[in-house]
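**Q** Sequence plus the predicted model coming up.
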Amino acid sequence: QVTLVESGGGLVQAGDSLRLSCAASGRAFSSYAMAWFRQAPGKEREFVATLSWNGFSTVYLDSVKGRFTIARDNAKNTVYLQMNSLKPEDTAVYYCAASRRDGALNSRDYTFWGQGTQVTVSS
């Protein structure tokens, strides 16, 4: 069992940066691939980024490449999403998730989910 708690969301202006954190409790965090998804009002949940259990492999949504960076600190049981050059279309609730499968892009492949943190980007 893994419990995930996100933090770091907020209201920012276009062009600003935010760093989201996801703290994990439970055993074997370092054996899980971790990901960030987001869900905007009226839209389906969308994959944003994923990072392999060892931190060596990443996959990003095309629209966030070059702006967002996913990273993990297995010693702290934490995964991060650094978001730079934010745009109004990045506005959503951001969720972190854990999977036994590296490189998974589908939310169905993720077993554990956090409660989400709101990111709002004003124009």
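**A** Arrived safely. Numbers count the residues shown, from 1 in each chain.
**Q** Skip the chain neighbours and tell me the closest residue to residue 1.
**A** residue 26 (5.2 Å; Cβ to Cβ, 6 or more residues apart in numbering). For the C-beta atoms, the positions are set from N, CA and C on the backbone; glycine is no exception.
**Q** What residues does that neighbour make contact with?
**A** Contact analysis of residue 26 by Cβ atoms under 8 Å, 6 or more residues apart in numbering lists 1-3.
**Q** 10 Å instead?
**A** Contact partners of residue 26, counting by Cβ atoms under 10 Å, 6 or more residues apart in numbering, are 1-4, 32, 77, 98, 112.
**Q** Now, the residues you listed that are in helices?
**A** Judged by DSSP state H, the subset of these located in helices is empty.
**Q** buried subset of those?
**A** 2, 4, 32, 77, 98, 112 (16 or more other Cβ atoms under 10 Å).
**Q** As TSV, those with pLDDT and distance to residue 118 would be great.
**A** As requested, the buried ones among the contacts of residue 26 are exported to TSV (pLDDT from 0 to 100; distance: Cβ to Cβ, whole Å):
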residue	pLDDT	distance to residue 118
2	91	22
4	97	16
32	94	24
77	94	23
98	96	21
112	96	20
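**Q** out of those residues, which one sits closest to residue 11?
**A** Closest to residue 11 out of those is residue 4 (22.7 Å), distances taken as Cβ to Cβ.
**Q** ok, what's across the strand from that closest one?
**A** According to DSSP bridges, the residues that bridge with residue 4 are residue 24.
**Q** Would you confirm that it contacts residue 37?
**A** No - with contact defined as Cβ atoms under 10 Å, residue 4 does not count as touching residue 37 (11.7 Å).
**Q** which residues do the two both contact?
**A** Residues touching both residue 4 and residue 37 (Cβ under 10 Å, 6+ apart) are 95-97, 113-114, 116.
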